[in-house]
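Chemist: Following is a predicted model, sequence given first.
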Amino acid sequence: MPPRRMTVRRLIRRCRVTVERLDIPDPFDVLELCRRAGKTRGRPITVAPLPLSGMSPCGLWLGTPSADLIFFEANTSPAHQDHIILHELGHVLCHEQDGALDTDLLRALFPALSPELVRNALGRTRYSAVEEQEAEVFAHLVVERVWQTPVVAEPAEGSTDTHAHDVLRKLARGFDG
């Protein structure tokens, strides 16, 4: 029997269940969220910047036998970095398989090795469109949950970019349909 097709409604429900199980820090800190998620899973999640400018992905998840590694674009805004990290965390928490590796990215990360050799050694395959949607929905639902908490609904003390916070809140509300 062929596998059931994932509907958007089912995908959102699955992501909501995953997000509801998270120990989201208050005030919100994406690195602390990753630390807590790693502790709950029994596998540390290490998060690090990587200059990926000009390459197709903004982030990358590498699952090793002992830890999960999330890399994010170093040359972008902090808000975008947080979103990238949440998206990759969505892959970590929602998918059984390890992170996907693009050939160009493999060449950039491991220039002395053939991309095929690295891919085979790491056992990675590309994510399907559904898995990418699921990671994106997961990231949105975490942000939605964080912004529904009054303590973190306002920009952080000292933040001067209130317009960006307002725009992001409006975008998040747009997913509530």
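Modeler: Happy to help now that I have it.
Chemist: what mean pLDDT does the longest helix seen in the chain have?
Modeler: In the chain, with assignment by DSSP state H, the single longest helix is helix 129-147. Averaged over helix 129-147, pLDDT sits at 88.
Chemist: Stretch 79-86 now?
Modeler: Taken as a whole, stretch 79-86 has a mean pLDDT of 94.
Chemist: on that earlier part again, list the helices and strands the longest helix of the chain packs on?
Modeler: Counting contacts by 3 or more CB pairs under 8 Å, 6 or more residues apart in numbering; DSSP states H and E, helix 129-147 packs against helix 8-20, helix 78-94, helix 162-174. All C-beta spots, glycine's among them, are computed from the backbone N, C-alpha and C.
Chemist: So for the first one, what gets flagged as buried?
Modeler: Read it as helix 8-20. Residues 11-12, 15, 18-19 are the ones in helix 8-20 that count as buried (16 or more other CB atoms under 10 Å).
Chemist: Can you tell me which of the residues you listed lies closest to residue 44?
Modeler: residue 18 (18.8 Å; CB to CB).
Chemist: Relative to residue 11, how far out is that closest one?
Modeler: 11 Å (CB to CB, to the nearest Å).
Chemist: The helices and strands packed on helix 129-147: lowest mean pLDDT?
Modeler: Among those, helix 162-174 has the lowest mean pLDDT, at a mean of 51.
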